[in-house]
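Chemist: structure for the following, please:
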Amino acid sequence: MGAARLGDIGTIYQLIGEDEGVLRRINKREFVDTPLHIASAEGNTDFAMEMMYLQPSFATKLNKDGLSPLHLALQNGHTLLVLSLLKINKSLVSVKGKMGYTPFHYLVMKETDRVLLTKFLNAYPDCIHDVSSRDETALHVAAHNNPRALTVLLRWLRKTSKCSMLQKQRILNSKNRDDETVLHIAVSNDRPDPEIIRLLTDLRIDIKAKNSKSSTALDILKGRTQGDSIHIKNCMDILRHPWGLKASSRKIPWFILELLSQWGYEIKNMSADRGNALLVVTVLILTATYQSTLSPPGGVLQANAESKDQKFSGLQIYLGSKNASDHVVEKIEFKANNTAGSSVLRTQPFLWFFIPNMVAFSTSFLLTCFVLLTLVSGFFSFVLMLSLSMLLFCLLDSALIIVAPNDQSSKILFCCVYFLAYVIYLAIAPVVIPKLRRFFR
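Modeler: From the prediction side, this is the model:
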C-alpha cells in the first residue's frame with residue numbers, strides 16, 4: 001500500500017518476489033482498497049497502469065465505500081489517468097459503484113474541462129445511457145452538481161452522430177425516481193441558466209412533462225420568488241415561447257444537422273454487406289441522374305447555320321443606351337435565351353424535371369460520402385470525395401449555365417443549388433474538418 005501511494009513500481013516487484021501470492025490474496029477479499037485503488041486516488045498513472053497488467057481484476061473491485069479505482073480517480077480529478085486505464089479495458093466505463101453511479105456519473109460531478117469531457121464522450125458514447133439506482137442519467141447528475149458539464153453534454157448531444165435521434169430523445173426525456181427530467185432539475189437550481197434551458201428546448205425536450213408532484217418546469221419557475229433573479233424571468237420566457245420566430249430560425253440548421261447525424265449513425269452501425277449494397281444503389285442513382293442532366297427530355301438545341309455567329313456565355317453583361325444623353329443601363333443575366341446546348345423544354349417543365357433530379361443526385365452524393373468515410377479510411381476517402389465533388393460541380397454547372405433554357409430557370413435553379421450546397425456543407429464539415437486537422441497536424 002505504501003508503494004502504491006508513492007507510485008514505486010520497483011518496490012511492488014520486490015514484494016512480489018518475496019511473496020508471489022500477495023496480489024492474489026488481496027483479490028480474494030470482496031470489498032477492499034487494492035493497490036490500484038490507492039494509486040488511482042493519488043493520481044499515480046504509471047503505477048496504476050502497471051497494476052492493470054499485473055492484476056486486471058482490481059479495476060472492477062469495489063472498496064468499503066462502494067467505489068472502484070476509476071470512481072476514486074475521477075472523484076479526485078484524475079481524468080487523464082482514467083482515460084489511460086480505459087484504453088486497456090473499455091468495459092470499465094460501465095462499472096457501477098455506490099448508488100449505481102458509473103465512473104461517468106462521477107466525471108460530470110466535478111469535471112469542467114470541455115475538451116476532456118468531449119474526448120471522454122467521443123471515446124465512450126454508450127456511457128451517456130447508463131442510469132443510477134435512482135434512475136438518474138449523467139444529465140441528471142450534471143444538472144444537480146455541475147451546470148458547466150451539463151452544457152457540454154447538451155452541445156455534444158446536439159452535434160454527435162454517435163446516438164440516433166430516438167436515443168437522444170429517450171435520454172433527454174428520461175425521468176428519475178421522482179419523475180423529474182433534466183429540465184425539472186435545471187429550473188430548480190438556485191440560479192437557473194437560460195442557456196441550458198434554451199439548449200434543452202432546441203433539443204426538443206418535452207417541456208410539458210410532469211414530475212411526481214404533477215408540476216411542469218414552468219410551474220416550478222412560477223412557484224419561485226421571481227423578483228430576486230433576472231435568470232428566472234428569462235427561463236420563463238423561453239419556456240413560454242419555445243417556438244418563437246427567433247428560436248425557429250436557429251432550429252432549422254440544427255434540425256438538418258440532427259437528420260444528417262441520424263444518417264451517419266445508421267451508416268456507422270450497419271454491417272459491411274449492407275454498406276456495400278447501399279454504396280451500389282447510391283452509385284446507380286448518381287449515374288442515372290448525372291446522365292439525365294446531360295441528356296434532358298426532348299434533347300437540347302443544336303447549333304445551326306442561322307445561329308452560327310451566336311456565341312454562348314454563361315454570364316452575359318449587356319450595356320446599352322437609348323441615346324448619348326441617357327445613362328448606361330446594366331443588365332446581368334446568367335445566360336441568354338435559346339443558345340446552343342439549352343434544353344428544348346419550357347421553364348416550368350424544365351424545373352419540374354431538374355429540381356427533383358438535383359435533389360436525388362445531392363442526396364445520393366451525401367450518402368456516398370458517408371459510406372466512403374465509414375468503409376474507406378485515410379487518404380483514399382478524401383481522394384474519392386474530391387472526385388465526387390468535381391462531378392457534383394460539373395452537374396450543377398451544366399444545369400445552371402448550359403442546359404437551362406433561359407435566365408429565369410437559371411436563377412430558380414441557383415436558389416436550389418445554394419440551399420443544397422448549404423445542406424451538404426452542414427453534413428460534411430463536422431466530419432471532414434476534424435479529420436483534415438489531424439491529417440495536417
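
Chemist: distance of W156 from A149?
Modeler: 10 Å (C-beta to C-beta, to the nearest Å). (C-beta placed from N, C-alpha, C; glycine too.)

Chemist: same check, this time on A186
Modeler: Remark: distance between A186 and A149 (C-beta to C-beta) = 12 Å.

Chemist: more neighbours, these two?
Modeler: A186 (27 against 23; other C-beta atoms under 10 Å).

Chemist: what sits against the more buried one?
Modeler: By C-beta atoms under 8 Å, 6 or more residues apart in numbering, A186 lies in contact with A143, P147, L150, P192, D193, I196, I197, L200, A217.

Chemist: what about 7 Å?
Modeler: A143, P192, I196, I197, L200 (C-beta atoms under 7 Å, 6 or more residues apart in numbering).

Chemist: let's verify the fourth one: helix, strand, or coil?
Modeler: On the three-state scheme (DSSP: H, G, I helix; E, B strand; the rest coil), I197 is labelled helix.

Chemist: check the second one too.
Modeler: Here P192 is recorded as coil under three-state DSSP.

Chemist: my guess is it contacts H231, does it?
Modeler: Yes: using C-beta atoms under 7 Å, P192 is in contact with H231, at 5.5 Å.

Chemist: more neighbours, the two?
Modeler: Between P192 and H231, P192 has the larger neighbour count (other C-beta under 10 Å), namely 22 against 19.

Chemist: so how far is V280 from the residue nearest to that one when sequence neighbours are not counted?
Modeler: Using C-beta to C-beta, 6 or more residues apart in numbering and skipping the chain neighbours, the partner closest in space to P192 is C235 (4.9 Å). To V280, C235 is 51 Å away according to C-beta to C-beta.

Chemist: report whether the expected contact of T151 with P194 is present.
Modeler: No: counting by C-beta under 7 Å, T151 stays clear of P194, with 11.5 Å between them.

Chemist: still on that earlier bit, look at C235 and V280 and report which has more neighbours.
Modeler: Just comparing C235 and V280: by other C-beta under 10 Å the higher neighbour count belongs to C235, 27 against 9.

Chemist: the more buried one is in what secondary structure piece?
Modeler: According to DSSP states H and E, C235 maps onto helix 230-240.

Chemist: then T118?
Modeler: helix 114-123.

Chemist: just the residues contacting that helix, thanks.
Modeler: T79, L83, L107, E111, I128, A149, V152, W156.

Chemist: any idea how far the first one is from E111?
Modeler: Using C-beta to C-beta, one gets 6 Å for the distance from T79 to E111.

Chemist: below-threshold pLDDT in the stretch 251-400 of the chain: ranges please.
Modeler: By pLDDT under 70, the weakly predicted segments of the stretch 251-400 of the chain are 251-264, 300-301, 303-341, 374-379, 399-400.

Chemist: how is the protein divided into domains?
Modeler: Domain ranges of the chain: 1-95, 96-251, 270-299+336-440, per automatic domain parsing.

Chemist: check which helix or strand covers the closest residue to H144 other than its chain neighbours.
Modeler: Among residues not flanking H144 along the chain, I185 sits closest, at 6.0 Å (C-beta to C-beta, 6+ apart). In this structure, I185 sits in helix 182-188 according to DSSP H and E.

Chemist: per-residue confidence averaged over that helix?
Modeler: Averaging pLDDT along helix 182-188 gives 90.

Chemist: how far does it sit from the chain's center?
Modeler: 24 Å (C-alpha atoms, centre = their mean, to the nearest Å).

Chemist: which residue is the nearest non-sequential neighbour of D8?
Modeler: Per C-beta to C-beta, 6+ apart, closest to D8 is F47, 7.3 Å.

Chemist: shouldn't that neighbour be within a helix?
Modeler: Yes: looking at F47 with three-state DSSP, it is inside a helix.

Chemist: tell me the pLDDT at the spatially most central residue of the chain?
Modeler: The centre of the chain sits closest to T160, judged by C-alpha atoms, centre = their mean, with a distance of 2.0 Å. You'll see T160 listed with a pLDDT of 79.

Chemist: got it, and L67?
Modeler: Looking at L67, the pLDDT reads 92.

Chemist: okay, now it: neighbour count?
Modeler: For L67, using other C-beta under 10 Å, the count is 25.

Chemist: again with I196
Modeler: For I196, the neighbour count with other C-beta under 10 Å is 23.

Chemist: wait, doesn't it sit right on L150?
Modeler: Yes: the pair I196 and L150 passes the contact test of C-beta under 7 Å, sitting 6.0 Å apart.

Chemist: check the gap between K222 and P296 for me.
Modeler: K222 is 61 Å from P296, by C-beta to C-beta.

Chemist: all good on my end, thank you.
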